[in-house]
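A.B. asks: Sequence first, predicted coordinates after that:
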Amino acid sequence: MMDWDHVKVLLALADAGSLRGAARALGIDQATAGRRLVALEAQLGTKLFVHTPSGYVVTAVGEAILPGARRMAAEALALGRRAAGTEAGLHGTVRIATGDGIARGLLMPALARLHARHPEIRTVLLTARTLVDIAHDEVDIAVRIVRPNDPELIVRRLGALTSRLYASVDYVARRGVPAPGGGFAGHDLILPYPAPAGPFHGEPIGAGRVVLETNSMLAAAEAAQQGLGIASLLEHLGDTDPSLVPLWPDRPQRHELWLVVHPDLARSARVRAVLDAIIEGWPAG
């Protein structure tokens with residue numbers, strides 16, 4: 001029987017294409033990932049990957065066993081979720097995925113309420129603008145501005161957020177405010193990564209100069225504070241910063257905020273406690 005830890009290296013390496021990336025995804029060191037791959041190939045008596053200058057390429061044998069390995073991973077995750085969903089204790093770990101702009105000022109008060117009531121619940125907060133696949137990743141709860149399409153997930157609308165364009169007081173003093181309809185001509189832009197293909201707050205960006213792309217809204221906010229350019233920030237970040245000036249008040253962007261959980265986990269007492277603490281902060285949701 002194949003060692004499950006070894007199979008996880010197979011899957012992670014197939015997805016990442018590099019041993020370093022696979023190790024990072026699994027939370028282990030690169031040497032351990034390499035040893036597990038060697039052990040799995042020795043057990044099966046065949047090569048599963050070819051190491052090329054551009055990375056690890058799956059062999060024909062590896063491709064043949066990958067679908068079964070992915071089914072094993074899906075079943076293992078489902079079993080873990082079903083087991084977690086039956087737990088009645090208010091203790092243990094709950095993993096939450098959200099953007100760092102949402103975490104700051106919006107999610108942190110909920111976690112403070114949670115831990116005041118249930119100090120034995122530990123939360124792991126994963127922040128990135130990229131979406132996690134809650135149905136297939138080991139994440140219990142997601143709070144995000146993109147509504148998932150998976151009908152099997154439990155989705156609740158929390159409320160609405162507004163983002164606006166901001167620049168530093170110094171930037172506006174030096175460069176002025178961009179003229180609507182001018183395509184940001186003569187101005188520097190701080191964009192989310194990956195950069196939007198269409199308009200930015202209703203304005204084409206072709207005439208502007210992109211100086212920074214980032215998947216962190218907090219990094220974008222700091223870049224704007226330092227005068228690098230114009231950034232789109234959630235109001236609770238931009239309006240509370242005296243070093244920033246809101247631009248184009250008639251062009252806000254509205255975002256729906258969604259709370260997402262897998263149904264197998266919604267019955268877990270600790271997950272339910274986290275959900276309740278988050279929902280409490282959005283009574284009109």
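C.D. replies: Happy to help now that I have it.
A.B. asks: mean confidence score for stretch 99-114?
C.D. replies: In this model, stretch 99-114 has a mean pLDDT of 92.
A.B. asks: my bad, should have said stretch 169-187
C.D. replies: In this model, stretch 169-187 has an average pLDDT of 95.
A.B. asks: Can I get it in CSV? Just the C-alpha atoms.
C.D. replies: In CSV, the C-alpha atoms belonging to stretch 169-187 read as follows (Å, rounded to 0.1, in the frame of the first residue of the first chain):
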residue,chain,number,x,y,z
VAL,A,169,-1.6,64.1,-0.2
ASP,A,170,1.9,64.5,-1.6
TYR,A,171,1.1,62.8,-4.9
VAL,A,172,-1.9,65.0,-5.5
ALA,A,173,0.1,68.1,-4.7
ARG,A,174,2.7,67.1,-7.2
ARG,A,175,0.6,65.5,-9.9
GLY,A,176,-2.9,66.7,-9.4
VAL,A,177,-6.1,64.6,-9.8
PRO,A,178,-6.5,62.7,-13.1
ALA,A,179,-9.2,64.1,-15.4
PRO,A,180,-12.2,61.7,-15.9
GLY,A,181,-12.2,60.6,-19.5
GLY,A,182,-8.4,61.0,-19.9
GLY,A,183,-7.4,57.4,-19.4
PHE,A,184,-5.2,58.4,-16.4
ALA,A,185,-2.9,60.3,-18.7
GLY,A,186,0.1,61.6,-16.9
HIS,A,187,-0.5,59.5,-13.8
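A.B. asks: Going by neighbour count, list what's buried in it.
C.D. replies: Neighbour-count burial for stretch 169-187, counted by 16 or more other Cβ atoms under 10 Å, picks out Tyr171, Val172, Arg175, Pro178, Gly183, Phe184, His187. The way it works is simple: take the backbone N, C-alpha and C, and place the C-beta from them, glycine included.
A.B. asks: Could you check how far the fourth one is from Arg267?
C.D. replies: It refers to Pro178. 51 Å (Cβ to Cβ, to the nearest Å).
A.B. asks: From Leu212, how far out is Leu191?
C.D. replies: From Leu191 over to Leu212 the distance is 7 Å, taken as Cβ to Cβ.
A.B. asks: More neighbours: the two, which one.
C.D. replies: Leu191 (20 against 16; other Cβ atoms under 10 Å).
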